[in-house]
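Peer 1: How does the following fold in three dimensions:
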Amino acid sequence: MQRGFYGRKLLVEQLESRFALSTLTAVTVPLDTPNLTPNSQPALDGTVSTTAAGTANPPPDPSSATSTTSPPALAPLGGGFANLPPVIIDFGYSIVGGWCNLWGLVIDDQDPTGRSVQLTGLTSASPTVGPDNTFAYSFQWTPEMSGTICATFQDMYGLSSNTAMITV
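Peer 2: Next up, the predicted model:
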């Protein structure tokens, strides 16, 4: 083993290798807020609550938040932050020379690279998400063809994305 400065052993720690979207909300407190001390904490509604010296306000209970658009967050394997459902954005198409070209972007708190996006409707396919988190697929198109194409993605923990739709 190599030794660093002054004969000390070097310690190596592995950093977390995934990217995560932040779910925190910024709170702005005016500088002239009364009763703001080092032991007080601004609430999300703009009020300030003060705690006894040496104690802190408990964080809000995330299980009390409800959403009608997303499934509940799941804990990833091995613990850690809650898993958020993936999202497909910028789903689009172009028709060039008898080919319909589809593309989109997958956003997830887990790396989607190498996983498949499911295309259904006018065409059925499973293009793979690339290292830049985009996917693309082309199929032969004729002027008589028309319909809807849907795209969905499932992350490594089983959460499904929104259903992105386009009409060709």
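Peer 1: Output the lowest mean pLDDT helix or strand found in the protein.
Peer 2: strand 48-50 (a mean of 43; mean pLDDT, DSSP states H and E).
Peer 1: C-terminal to it, what's the next element?
Peer 2: For strand 48-50, the following helix or strand on the C-terminal side (DSSP states H and E) is strand 87-96.
Peer 1: Would you mind identifying the next helix or strand past that next one?
Peer 2: Sequence-wise, the next helix or strand downstream of strand 87-96 (DSSP H and E) is strand 99-107.
Peer 1: in its sheet, what does that following strand sit against?
Peer 2: strand 87-96 (antiparallel), strand 134-140 (antiparallel) (DSSP bridges).
Peer 1: looking at those strands, which is buried most?
Peer 2: strand 134-140 (a mean of 16; mean count of other C-beta atoms under 10 Å). C-beta: built from backbone N, CA, C; applies to glycine.
Peer 1: Dump that strand to PDB, restricted to CA.
Peer 2: C-alpha atoms of strand 134-140 as PDB (Å, rounded to 0.1, in the frame of the first residue of the first chain):
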ATOM      1  CA  THR A 134     -32.600  10.100 -24.700                       C
ATOM      2  CA  PHE A 135     -34.200   7.400 -26.800                       C
ATOM      3  CA  ALA A 136     -34.900   7.300 -30.600                       C
ATOM      4  CA  TYR A 137     -36.800   5.000 -32.900                       C
ATOM      5  CA  SER A 138     -37.700   5.100 -36.600                       C
ATOM      6  CA  PHE A 139     -40.200   3.200 -38.600                       C
ATOM      7  CA  GLN A 140     -41.500   3.200 -42.200                       C
END
